[in-house]
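Participant: From the sequence below, what's the structure:
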Amino acid sequence: MTKNIDDVLAAEAAAAEDDVLPDVLPDGVEVSRPHVGRPQVVSVRLSHGELEQLTHAAEAAHLPVSTFIRIAAVSHVHAHGEGALADVTRRLARLERAVFERVE
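Facilitator: As a prediction, the model looks like this:
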């Protein structure tokens with residue numbers, strides 16, 4: 001019986017999600033699963049300067065950069081509500097129009 005790649009990947013993904021830790025772990029083994037409950041990953045392109053600023057801010061807050069960015073983004077949305085998202089959507093649409101007008 002041949003398996004297609006989608007079936008193999010689905011089975012591997014399911015096995016990874018169903019991973020159960022043994023009741024007893026070897027001495028010195030620490031388990032950290034900070035990603036549990038947050039299965040989505042977002043990639044963001046940053047300039048060197050932007051990343052440097054975020055890294056310094058995260059270090060000052062004693063947080064990993066990804067955690068710092070997540071907290072800042074979620075806090076911004078909560079503080080500004082849906083209006084902020086609508087504003088970002090309008091700005092992106094305006095930028096897209098400007099870019100495509102230049103290309104044409």
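Participant: For residue 42, list the residues it contacts.
Facilitator: Residue 42 makes no contacts at all, as judged by C-beta atoms under 8 Å, 6 or more residues apart in numbering. The C-beta positions use only the backbone N, C-alpha and C, and glycine is treated the same way.
Participant: worst-scoring helix or strand of this structure, pLDDT-wise?
Facilitator: When the helices and strands of the chain are scored by mean pLDDT, DSSP states H and E, helix 5-17 comes last with a mean of 75.
Participant: what about that helix, distance to the chain center?
Facilitator: Mean C-alpha position of helix 5-17 versus that of the full chain (C-alpha atoms, centre = their mean, to the nearest Å) differs by 21 Å.
Participant: That helix: what's the following helix or strand?
Facilitator: Per DSSP states H and E, the first helix or strand lying C-terminal to helix 5-17 is helix 48-60.
Participant: for that next one, what is the average pLDDT?
Facilitator: This predicted structure assigns helix 48-60 an average pLDDT of 94.
Participant: So which bits of the longest helix belonging to the chain are buried?
Facilitator: If you go by DSSP state H, the chain has its longest helix at helix 65-103. Buried residues in helix 65-103, counting neighbours by 16 or more other C-beta atoms under 10 Å, are found at 68-69.
Participant: how far out from the middle of the chain is that helix?
Facilitator: The chain centre lies 15 Å from the centre of helix 65-103; the measure is C-alpha atoms, centre = their mean.
Participant: before we move on, what about stretch 4-13?
Facilitator: Distance, centroid of stretch 4-13 to centroid of chain: 23 Å (C-alpha atoms, centre = their mean).
Participant: Now that stretch: buried residues?
Facilitator: If you call a residue buried by 16+ other C-beta under 10 Å, then stretch 4-13 has no buried ones at all.
Participant: what residue ranges in the protein score low on pLDDT?
Facilitator: Within the chain, the stretches with pLDDT under 70 are 1-3, 15-22, 33-38, 82-85, 103-104.
Participant: repeat that with 90
Facilitator: Applying pLDDT under 90 to the chain flags residues 1-43, 61-64, 66-68, 70-104.
Participant: Kindly calculate the angle that the longest helix of the chain makes with helix 48-60.
Facilitator: On the basis of axes from the mean of the first three to the mean of the last three C-alpha atoms, to 10 degrees, helix 65-103 is oriented at 160 degrees to helix 48-60.
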